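Engineer: Sequence first, predicted coordinates after that:
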Amino acid sequence: MSFGKGSHLHLIDGSAFIFRAFHALPPLTRKSDGLPVGAVQGFCDMLRRYIAKDHGRDFPTHIAVIFDKGSHTFRNELYDQYKANRDEMPEDLRPQIPLTRRATEAFNIACKEIEGFEADDIIATLAVQARDAGGRVTIVSSDKDLMQLVGGGVEMFDAMKNRVIDAEGVVEKFGVGPERVVDVQALAGDSVDNVPGAPGIGIKTAALLINEFGSLEELLDRAEEVKQPKRRETLIEKRDQIELSKKLVQLDCDMDLPFTLEDLEARDPDPDTLLGFLAEMEFRSLSKRIAEALGEEAPVIPETAPQAADGEAEAEDQPDFADATYTAIRDADTLQVWIDRARERGYLAIDTETTGLNEMTADLVGVSLCIEAGEAAYLPLAHRGAADGDLFNSDELTEGQMDAGEALALLKPLLEDPSVMKIGQNMKYDAKILARNGIDIAPIDDTMLLSYALHGGLHGHGMDMLSERYLGHKPIPIKELIGSGKSQITFDRVEIDKAVRYAAEDADITLRLWKLLKPQLHRHHVTRVYERLERPLVPVLADMERAGIKVDRNTLSRMSGAFAQKMAALEEEIHELAGEKFNVGSPKQLGEILFDKMGLEGGKKGKTGAYATGADVLEDLATEHDLPARVLDWRQLSKLKSTYTDALQEHINPETGRVHTSYSIAGANTGRLASTDPNLQNIPVRSEEGRRIREAFVAEEGKVLVSLDYSQIELRILAHIAGIDALKEAFRDGQDIHAATASEMFNVPLDEMTPEVRRQAKAINFGVIYGISGFGLARNLRIPRAEAQGFIDRYFERFPGIRDYMNDTTAFAKEHKRVETLFGRVIHTPEISASGPRAGFARRAAINAPIQGTAADIIRRAMVRMPAAIADLPAQMLLQVHDELIFEVAEDAVDELIATAREVMEAAPHPVLTLDVPLVVDAGQGANWAEAH
DNA sequence: GCTATCACG
DNA sequence: GACGTACGTGATAGCC
């Protein structure tokens, strides 16, 4: 087919794509030999869209992947420093480049490269040819150089972000249309490609100048007319350099190509070739998906034994999931066989199925067991007739199930047998369910926590994810059994045969993951982290969650009513001030009222096109007008009512009268816990009105709530890690640390300290923990940026150790792609070498992680030791809020509890670590949490 | 399902 | 000089 009107050419910038994929995606290696293939997989996944034909009207008639070839191009002849500051290609990316070419060929897509030419120029030439022939062009790339080409039927597509870039997008980026992009680039230069441009002029200024003068040539000829002296001089003095820059950034649209557009016609891939290549790469789920799209059988990829040499997994050969045998256990004899086998083996994987996700209300429906990969059994205990079946019989237990009591009585000795390891995925869930059935499961291993200790920061730790990633197997989605949304059924309504396949598979997967991950602990030096900080927390948290905390419904309900009244009054007032009724809770409507209708200054639209109406914006507006101030009040009440006084009531368990949160151990990257359903780690405290919600959290009659919290633990850890003598001394002397910092920084004696100066020092102290920036501090303190930067400079001058810590930590993260806490917890930082704003995020996260993570480790150690320490006291640990533990204790044992728990908390780093600063724990007590805190 | 907002340490 | 920024979370409401 000849190329012309109606044709649509897709040009994929291959080199740029794999560079970005390499940095954006996790470092996947081929299991059999450790060959890095993450970028290749990302590339193939992108090409998969062409197989799936889910492009709609944009499906290409012609397509090619274009690569760079050779490092020396005509631009180096013009300027020997062109791209001279490029980093070496990462070691792990190098071997993936030829593989990417092979991938392109396997997809039967034209693969083009020309020695001595950049992909950009080939793409430019092809795009112009295609456009001139009357066709459409989509350039799959986000390289800003290619933005010159946009318009007249040419658009760009950012495959990583799944976003089309058209002429409008170009204007957004460069401030000028595509035809003037070169001019702006020539002025602004490009640090990545080492294009010099005009010193002192960035994209913003360049766009301004080009828009004013019409073109670069015009600007340079009339440079005398530029008003700003500095700019004028630069433009005149650096004219040659600017003109050279233009030549460097200008794409060559007129290359002699040894092929034609017709050669790029889209062709269907040969399934054997393509699937063969994917199998060779060992892309399990990808080859399955592509096989499905092609209507072919997925290739069988053997579960090869990874080579020990590469230091990664060394799981024994595990059988194919397709060959697995999953059976039902329907009688005591069969169950006994499984129990005996588990005893003999010394371990088993186990998974419980229940009627819901809430362990406090869900009922046990069945238990699955696995001792050998590929061989698992499901023990159904409480399956009932289908919900839509005969009403009369629907609650009857289905035939062929063991009596639950009998089965659990047989299982109990095994599950409590100290010589048999029980393996689960997220064992806290199963432990709680079993505890409610009288079984104290121990000892345990948890594949979720293995993954967390090994790979925290790299990816999530849910079973579906781990299975796809490490076993190349997509588990049966639970939705296939129970549906979703309104028509969702509970697991006890699932047919037993279906339940067997699903439940047994989960136990099978868990066992396989355990065999794969457990041996890696040692090699990654996280055995102690897993054994001391992750695993022992499971029973401790299970106990706390089961205990719950008593919440007084009447208190909440009264507050809800009061809030509702106040809100209604405020709402009326707001509508009056606005002159019309609108939904105060809608940021979109509020923005339009404030900035469009009322014409207030300072309206800024975010990326969605809506005005920002956050608290900081409204606070600024509140000086000008009453309405924003009322909205702030309304928002506060609305938050308190919906999230706390209303929602908390729903969480009171009718059986216990208490609220039972659930802590996720592997949720936060730094090692912190996260509290969900409900979140009891963000109960209001900072505002007077909000703090009253804590009055609803109460102790039982005759008991008291006690709260113990670490004082300034993160700053103490910073002082220790960064070795800041002045801070250490201040902590040893028990000084007010923020006042001490202020005194040191501003040379103000402590007894002359003003609250304002102290406040600023406090903001800086916190900023340091977060990876301070002038911008962030300025915003926080609402002071000019230059002033904030001045504070930071002075701070670093007085505490040079902190700057060293930040630099050292960043350098360590860049080298190792991870940081560590003082207790050896590893937090991976894959984004640390990213470019653009993401690099800043990653850097600050890397600076923060060892500090926040060490604090998290310390309180984890305290929590693990706490139950034994207070075993003889009539006390129970209920909640953790990052640096605070809340207990419920009999009135007459309060003092003893405080003394004991404080000792455990203050000594938590021992014996592994002795901090250079003391840990101080403050205590409070009362009938409710507001009093105790 | 995404975004904005706001509650906590 | 320019870019876009404080770290870590979870719940709710609005909106497509």
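Structural biologist: Looks like it came in fine.
Engineer: Next to DNA strand B in this structure, residues from chain A, please.
Structural biologist: Within chain A, the positions lying close to DNA strand B (CB under 7 Å from any atom of the strand) are A:587, A:591, A:606-608, A:610, A:612-615, A:617-618, A:632, A:635-636, A:639-640, A:643, A:681-687, A:690, A:852, A:881-884. C-beta here means a position set from N, CA and C on the backbone, and glycine is covered the same way.
Engineer: tell me which element A:Ala130 is part of?
Structural biologist: helix A:119-132 (DSSP states H and E).
Engineer: go on, A:Ala763?
Structural biologist: helix A:755-769.
Engineer: now what about that helix, what contacts it?
Structural biologist: The contact list for helix A:755-769 (CB atoms under 8 Å, 6 or more residues apart in numbering) reads A:714-715, A:718, A:736-739, A:741-742, A:745-746, A:748, A:772-773, A:776-777, A:780-781, A:791-792, A:795, A:802, A:848, A:851-852.
Engineer: Counting only helices, which of those make the cut?
Structural biologist: Secondary structure from DSSP state H places A:714-715, A:718, A:737-739, A:741-742, A:745-746, A:776-777, A:780-781, A:791-792, A:795, A:802, A:848, A:851-852 of those in helices.
Engineer: Would you list the buried entries among those residues?
Structural biologist: By neighbour count, with 16 or more other CB atoms under 10 Å, those hold A:714-715, A:718, A:737-739, A:741-742, A:745, A:776-777, A:780-781, A:791-792, A:795, A:802, A:848, A:851-852 as buried.
Engineer: Helices of the stretch 101-250 of chain A, residue ranges please.
Structural biologist: A:119-132, A:167-174, A:181-188, A:203-213, A:216-221, A:229-237, A:239-249 (DSSP state H, counting those that start in this stretch).
Engineer: what stretches of the stretch 201-350 of chain A score poorly on pLDDT?
Structural biologist: Along the stretch 201-350 of chain A, segments meeting pLDDT under 70 span A:304-317.
Engineer: Flag every residue of it that's near DNA strand C.
Structural biologist: For the stretch 201-350 of chain A, the contact set with DNA strand C under CB under 7 Å from any atom of the strand comprises A:Ile201, A:Gly202, A:Ile203, A:Lys204, A:Thr205.
Engineer: now with 10 Å?
Structural biologist: A:Ile201, A:Gly202, A:Ile203, A:Lys204, A:Thr205, A:Ala206, A:Ala207, A:Leu208, A:Lys230, A:Arg231, A:Thr234 (CB under 10 Å from any atom of the strand).
Engineer: quick one: the fifth one and A:Lys230 touch, right?
Structural biologist: By that I understand A:Thr205. No: the criterion here is CB atoms under 8 Å, and A:Thr205 misses it with A:Lys230 at 10.6 Å.
Engineer: These two: which has the busier surroundings?
Structural biologist: A:Thr205 (17 against 11; other CB atoms under 10 Å).
Engineer: And that one, how close does it get to A:Gly189?
Structural biologist: Separation of A:Thr205 from A:Gly189 (CB to CB, to the nearest Å): 12 Å.
Engineer: Also A:Ala930?
Structural biologist: From A:Ala930 across to A:Gly189, the span is 59 Å (CB to CB).
Engineer: And A:Leu533, by the same measure?
Structural biologist: Applying CB to CB to A:Leu533 and A:Gly189 gives a distance of 49 Å.
Engineer: same deal with A:Glu495?
Structural biologist: In terms of CB to CB, A:Glu495 sits 67 Å off from A:Gly189.
Engineer: Show me which of these two is the more surrounded one.
Structural biologist: A direct count of neighbours by other CB under 10 Å for A:Glu495 and A:Gly189 places A:Gly189 higher, at 23 against 13.
Engineer: which residue packs closest to the more buried one, ignoring adjacent ones?
Structural biologist: A:Gly197 (2.2 Å; CB to CB, 6 or more residues apart in numbering).
Engineer: repeat for A:Pro539
Structural biologist: Of all residues not flanking A:Pro539 in the chain, A:Ala431 sits nearest, at 6.5 Å (CB to CB, 6+ apart).
Engineer: OK, contacts around that neighbour?
Structural biologist: With CB under 8 Å, 6+ apart, A:Ala431 has these contacts: A:Ile441, A:Ile444, A:Val538, A:Pro539, A:Ala542.
Engineer: Quick check: PyMOL command selecting the buried ones in these.
Structural biologist: Buried residues within the contacts of A:Ala431, by 16+ other CB under 10 Å, are selected in PyMOL with:
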select buried, chain A and resi 441+444+538+539+542
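Engineer: So is stretch A:827-847 next to DNA strand C?
Structural biologist: Yes: residues of stretch A:827-847 contacting DNA strand C under CB under 10 Å from any atom of the strand: A:827, A:829, A:831, A:835-847.
Engineer: Stretch A:652-670 too?
Structural biologist: Yes: contact of stretch A:652-670 with DNA strand C (CB under 10 Å from any atom of the strand) involves A:Thr661, A:Ser662, A:Tyr663, A:Ser664, A:Ala666, A:Gly667, A:Ala668, A:Asn669, A:Thr670.
Engineer: Counting neighbours, what do you get for the fourth one?
Structural biologist: Yep, that's A:Ser664 we're talking about. Residues lying near A:Ser664 (other CB under 10 Å) number 18.
Engineer: Just the ones in strands from the residues of stretch A:827-847 next to DNA strand C, please.
Structural biologist: In strands, defined here by DSSP state E, the members of the residues of stretch A:827-847 next to DNA strand C are A:Ile827.
Engineer: Whichever of the residues of stretch A:827-847 next to DNA strand C end up buried, select them in ChimeraX.
Structural biologist: Those of these that count as buried under 16+ other CB under 10 Å are selected in ChimeraX with:
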select /A:827,829,831,839,842,843,844,845,846,847
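Engineer: ok, so of the residues of stretch A:827-847 next to DNA strand C, who is nearest A:Thr100?
Structural biologist: The nearest member of these to A:Thr100, counting by CB to CB, is A:Ser835 at 20.0 Å.
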